[in-house]
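# Build me a model:
(3 chains)
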Amino acid sequence: MLCLGLVAVFTLLAVYGEIVYQVHEFRDITPAYQKTNLDLQFQPPSSGHWMGTDGLGRDVMSRLIQGVSIAYKVGIITSLIAIPIGVFFGCIAGYFGGKVDDFVVWLYSTFASMPGLLFILAIAMVVGKGLLGIYLGIGLTTWVGICRLIRGEVMKHKEQTYVQAAQALGLGSGRIIFRHILPNVMHVIIVTFTLRFPAAVGTEVFLSFLGIGVQDQPSWGLMINNARMRLWQGVWWEMTFVTLAVFLLVLAFNLLGDALRDALDPRLND
Amino acid sequence: MLKYIVKRILQMIPTVLGVILLTFFLFNVVGGDLAAIALGKKVSLQTLENFDEQRGLNKPLFFGTRARTRAYEDQDLSEGAGRWRGWTNATYSAESGTVTIQPGAAINPIAFALDAGDEFVWTIRYRGEGSLAGQALASSDWKKAKVRFSGGDDGGFQTLEKALEFRSLELRMVNRNPLDSQLTFYLRQLARADLGFSESLKQPVSKLLKDGVLPSLSLTVPIFIIGLVVSISLSLVCAYFRDTFIDRFLVIFSVALMSINYLVFIVAGQYFFAYKLGWFPVWGYESAKYLFLPVLIGVISGLGSNIRFYRTVMLDEMYKDYVRTAFAKGVSKPRVLFVHVLKNAMIPIITNVVIAIPFLYTGSLLLESFFGIPGLGYLSINAILSADIDVVRAIVLIGALLFVVSNLLTDICYAAVDPRVKLK
Amino acid sequence: MTDSKSIIEVKDLRVHFGRGDDLVKAVDGVSFSILHGETLALVGESGSGKSISALSLTKLAPRQATYAGGEVMFGGQDMLTLPDADLRKIRGRRISYIFQEPMVSFNPVFTIGWQIEEALTLHRKEVDRKAEVARLLDLVHLPARLTRAFPHEMSGGQLQRCMIAMALACSPELLVADEPTTALDVTVQREILNLLKELSEKVGLSILMITHNLGIVSDLADRVCVMQKGKIVEEGETRQVLDAPQHAYTKQLMAAVPRLRPKK
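The predicted model follows:
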């Protein structure tokens, strides 16, 4: 499928970009994509620079690739924050019900009431500049949706006979949840991850665009910001390629998520 | 119905409390040194302290009788001289991690004048002879002492013939009422509807909010209404022409629209329609004309996900059995869609719609910033960039409270529209 | 009571799903006719094609179905080739349906009265609708106050009666009942079946009864068609088919019926 191919390409680029970054960090050299060369400013696409150069003479394409790895980092780390929290609370709420459920519902209702983007910005502001603020901000707002989904699924599964059978065998709650129910709920988690990924990337684009978060690394938001004013001077290539890249990544993951949802949802197999 | 509303309101209260606690937690507990974040590093300690005082930040967090003060901040002498560097009569020794006040010295390490009405306590681990805040200290061995004094007194050191050495020194303010904490300060502020004071704009926050509401609404309300009408209409079209070319095209169009980052709409919109084609003004808030472009962009960017959602809702309904019964009765397809299906589809649609209401208030952060609409979104962004704590906290809090209220409205709408909802 | 005039004739009906390798011949050359005042039962297991056959009479089969051949002659016209507008005039007016699960077959956000009235508004505009709805409810032995009730406020049995009332609103010639009692409790089943029998005799209604329950067949049906895998394998008078089944499949069906008394 087309989107799988796209995702694969992006993933490879992300890994490549990360390797380049790490290698340069390790050897303490300035990587090629950061080297400014004012002579080469604003070059339109050519054979030397497939996507042209930006305002500081840097090659757009290699910066774009770095952007992929940054986007991936954001998507993965925020998910690593949001998913465990959401799954944990969703499971205990769905399984134990009663006061535990009341507490979890109260907790996520409170978080859900916070005005989205603003809350993330506030967290980033309070935690300080840099990636940590962004990761925490996005992670701490996304866990709510996951928690709701998982809670619903666990509640449905709890009524099923296989759970009653496990309970009759005397298995402890923890074991039942994590070894028996969780695998059945896994498809929801996978689909959610796939669909949350582009949302996290999109949010990070906003944030770095606004000047919060990564400043020295070429994240896509930053590139769009840089390219914005120059668009009016006729420099079209930087903006176009970056927005195209964002669009393709988001589209690919959205399609993949939809396809996974259709494929993995046991209910739809009728 | 009234009982239902009252019951729902009561259920709202824990969430409201939760929201207040969460904002408190975020800004006061996690926040760290808010004064430094807001004012920067170059201002005097007195200014920072004033900032704290105004916001009750120099109190204990939840409960307690002692509070820190910037007049003398905690120093870990084992790590370095800290503030004790460069005093003529006090020498720092790195090997022992102590400071020695030389004989015949009078040194006051307190950074600024203390409030005469307050009481303070020094906690000192010392060796030698001298006096601190008027209390005599003498011991040949390391001893710990607490010295209490009033803010109007001289709180410094004095030595005569002997030297006084100390290895730890802490200053705390006495908090007479242990319940007077940051939390209660915040709660009292809220009870007075005092939303704080903006450092960067030098105005009370409530005034700023009042000024910003109208511009925000003039943007978000048209976007909301037009967007709603257009997306529901298009989703009805999708449902009617289910699985035909039109439907498939609209779905692909929606997915594509959804994938385009919001920023691109704004940037491209500004570029093409304002700059290149000159149809609309680029920036500003002079007249209604200035709103056209941002409203257009707002509507189009939201279309994608809305159409998909409404379409799913419609189609889910169309697969239900009552639709087959309607057809079997001889009802025509348009009537099935617009009368039978639509009313059922309204239920999830209403939830979606009412939940969007708080966003009408917080305004579109990005649209306002880029088009220079002086609404609440614009205010928020500037507040974030200039670390204007009070403004950010106020907008977050109010946004959250509005959300809770709109949830209440959703439940009421549900009960009014869906006969299956039990009003117990 | 039967009359020698047949009101509907189905000839070699074929309804398919899917294409190519996935082609499923749900109804594969089915022919039957129903006489005036007669109750015909279509019997078979799940998947035999009986429901699809019944739905196809007015092209109500699911969207994915293709009407691949045959004719459905009703009132001198072939239903399968009629334009939509004409088909809609027949649905609900001359051929009515009642379905298996009354709880979900009604629109949950409208009152029963509204939904029954709709049938009248569509086909019998000239009538005093409110009075007619009350009369119809009375016909199925339900109090008139239920006009203002919503589907979720009523029991399965009550709803099924309402569905019958709605189906009879325009005095149709043929009532198609697609497993109308399967989702109901046993005692309620009895009541509904009795009601159908009563109405059929009272107004001379022809009924096409879809069921897998041979007990219902023996109770209600004048004639029965046994279906297997899209084809009719046996048909005839009820007594005949049940007492002396000819086809192997029919014999299997009969043998599978649990008996309260030991077989002699």
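# and C:A169, how many neighbours?
28 (other Cβ atoms under 10 Å in any protein chain shown). Bear in mind the C-beta positions are built from the backbone N, C-alpha and C, glycine included.
# Next: C:T81.
Residue neighbour count, defined by other Cβ under 10 Å, stands at 12 for C:T81.
# next one: A:V246
26.
# Now residue 115: closest residue in space that isn't a chain neighbour?
Defaulting to chain A. Excluding the flanking residues, the one nearest A:P115 by Cβ to Cβ, 6 or more residues apart in numbering or on different chains is B:G399, at 3.4 Å.
# actually it's chain B I care about, not the one you picked
Counting by Cβ to Cβ, 6+ apart, the nearest residue to B:D115 once its immediate chain neighbours are dropped is B:G151, at 4.7 Å.
# give the contact list for that neighbour.
By Cβ atoms under 8 Å, 6 or more residues apart in numbering or on different chains, the contact list for B:G151 reads B:L114, B:D115, B:A116, B:G117, B:D118, B:E119, B:F120.
# Could you measure from it over to chain C?
In this view, B:G151 and chain C are 70 Å apart by Cβ to the nearest Cβ, to the nearest Å.
# and what of B:V331?
From B:V331 to chain C the distance is 7 Å (Cβ to the nearest Cβ).
# The closest residue to that residue other than its chain neighbours: what's it in contact with?
Nearest residue to B:V331 in three dimensions, chain neighbours excluded: C:L122, at 6.6 Å (Cβ to Cβ, 6+ apart). The contact partners of C:L122, taken as Cβ under 8 Å, 6+ apart, are B:K329, B:G330, B:V331, C:G92, C:R93.
# The first one: how many residues sit nearby?
Read that as B:K329. Neighbourhood size, B:K329 [other Cβ under 10 Å]: 24.
# so where's the longest helix in the chain?
Using chain A here. Longest helix of chain A, by residue count under DSSP state H: helix A:60-96.
# looking at chain C here, not the other one
helix C:186-203.
# Within range of chain B, give me the residues from chain C.
By Cβ under 8 Å from any Cβ of the partner chain, the residues of chain C that approach chain B are C:58, C:60, C:63, C:88-93, C:96-97, C:99, C:101, C:104-110, C:118-119, C:122-123, C:150, C:152, C:163, C:166.
# Neighbour-wise, which one of the contacts of B:G151 leads?
Going by other Cβ under 10 Å, B:F120 tops these with 24 neighbours.
# where's it relative to chain A, distance?
From B:F120 over to chain A the distance is 29 Å, taken as Cβ to the nearest Cβ.
# Verify the contact between B:T23 and B:A400 for me.
Yes. The pair B:T23 / B:A400 is scored as a contact, 7.4 Å apart, by Cβ atoms under 8 Å.
# If you count surrounding residues, which of the two has more?
Between B:T23 and B:A400, counted using other Cβ under 10 Å, B:A400 has the larger neighbour count: 27 against 23.
# got a list of what the more buried one touches?
So, once contact is read as Cβ under 8 Å, 6+ apart, B:A400 ends up touching A:T110, A:S113, A:M114, A:P115, B:V19, B:L22, B:T23.
# which helices and strands does the helix or strand hosting the fifth one pack with?
Secondary structure from DSSP states H and E places B:V19 in helix B:2-24. When contacts are defined as 3 or more Cβ pairs under 8 Å, 6 or more residues apart in numbering or on different chains; DSSP states H and E, helix B:2-24 sits against helix A:98-113, helix B:182-191, helix B:389-417.
# rewinding a little: is it possible to get JSON lines of the contacts of B:G151 that adds pLDDT, secondary structure and distance to A:F206?
Converted to JSON lines, the contacts of B:G151 look like this (pLDDT from 0 to 100; DSSP: H, G, I helix; E, B strand; the rest coil; distance: Cβ to Cβ, whole Å):
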{"residue": "B:L114", "pLDDT": "83", "secondary structure": "coil", "distance to A:F206": "45"}
{"residue": "B:D115", "pLDDT": "81", "secondary structure": "coil", "distance to A:F206": "44"}
{"residue": "B:A116", "pLDDT": "82", "secondary structure": "coil", "distance to A:F206": "50"}
{"residue": "B:G117", "pLDDT": "83", "secondary structure": "coil", "distance to A:F206": "48"}
{"residue": "B:D118", "pLDDT": "85", "secondary structure": "coil", "distance to A:F206": "45"}
{"residue": "B:E119", "pLDDT": "87", "secondary structure": "strand", "distance to A:F206": "49"}
{"residue": "B:F120", "pLDDT": "88", "secondary structure": "strand", "distance to A:F206": "47"}
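# Phi first, then psi, for the residue nearest to B:D115.
phi -60, psi -30 (degrees, to the nearest 10).
# now the chain, which segments are flagged as low pLDDT?
Went with chain A since none was named. A:1-6, A:9, A:13-14, A:16-17, A:20-57, A:129, A:213-216, A:232-235, A:265-270 (pLDDT under 70).
# my question was about chain B
The low-confidence ranges in chain B, as defined by pLDDT under 70, are B:358-363, B:422-424.
# thinking again about what came up before, and the longest helix of chain C, how far out from the chain's middle?
Mean-position distance between helix C:186-203 and its chain equals 13 Å (Cα atoms, centre = their mean, to the nearest Å).
# Can you name the next helix or strand after it?
Next along from helix C:186-203, by DSSP H and E: strand C:206-211.
# List the buried residues of the helix or strand following that next one.
Counting by DSSP H and E, the element after strand C:206-211 in chain order, helix or strand, is helix C:214-220. By neighbour count on 16 or more other Cβ atoms under 10 Å in any protein chain shown, the buried set for helix C:214-220 is C:L214, C:I216, C:V217, C:S218, C:D219, C:L220.
# Stretch C:36-46 now?
Going by neighbour count (16+ other Cβ under 10 Å), the buried part of stretch C:36-46 is C:H36, C:G37, C:E38, C:T39, C:L40, C:A41, C:L42, C:V43, C:G44.
# Need those residues in JSON lines (columns: secondary structure).
Output for those, formatted as JSON lines (DSSP: H, G, I helix; E, B strand; the rest coil):
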{"residue": "C:H36", "secondary structure": "coil"}
{"residue": "C:G37", "secondary structure": "coil"}
{"residue": "C:E38", "secondary structure": "coil"}
{"residue": "C:T39", "secondary structure": "strand"}
{"residue": "C:L40", "secondary structure": "strand"}
{"residue": "C:A41", "secondary structure": "strand"}
{"residue": "C:L42", "secondary structure": "strand"}
{"residue": "C:V43", "secondary structure": "strand"}
{"residue": "C:G44", "secondary structure": "coil"}
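# Which of those sits closest to B:W279?
C:L42 (65.8 Å; Cβ to Cβ).
# can you pull the contacts of the closest residue to the closest one other than its chain neighbours?
Nearest non-adjacent residue to C:L42, counting by Cβ to Cβ, 6+ apart: C:K50, 4.3 Å away. C:K50 sits next to C:L42, C:V43, C:G44, C:I210, C:M227 when contact means Cβ under 8 Å, 6+ apart.
# lowest average confidence, helix or strand, in chain C?
Least confident helix or strand of chain C, by mean pLDDT, DSSP states H and E, is helix C:248-256 with a mean of 82.
# I'd like the distance from that one to the chain centre, please.
Distance of helix C:248-256 from its chain centroid, counting by Cα atoms, centre = their mean, is 23 Å.
# Give me the distance between the two termini of stretch A:174-187.
End-to-end distance of stretch A:174-187 (Cα to Cα, to the nearest Å): 20 Å.
# tally of neighbours for the residue in the stretch 201-350 of chain B that chain A sits nearest to?
Chain A sits closest to B:S259 of the stretch 201-350 of chain B, with a gap of 3.9 Å, by Cβ to the nearest Cβ. By other Cβ under 10 Å, the residues close to B:S259 number 21.
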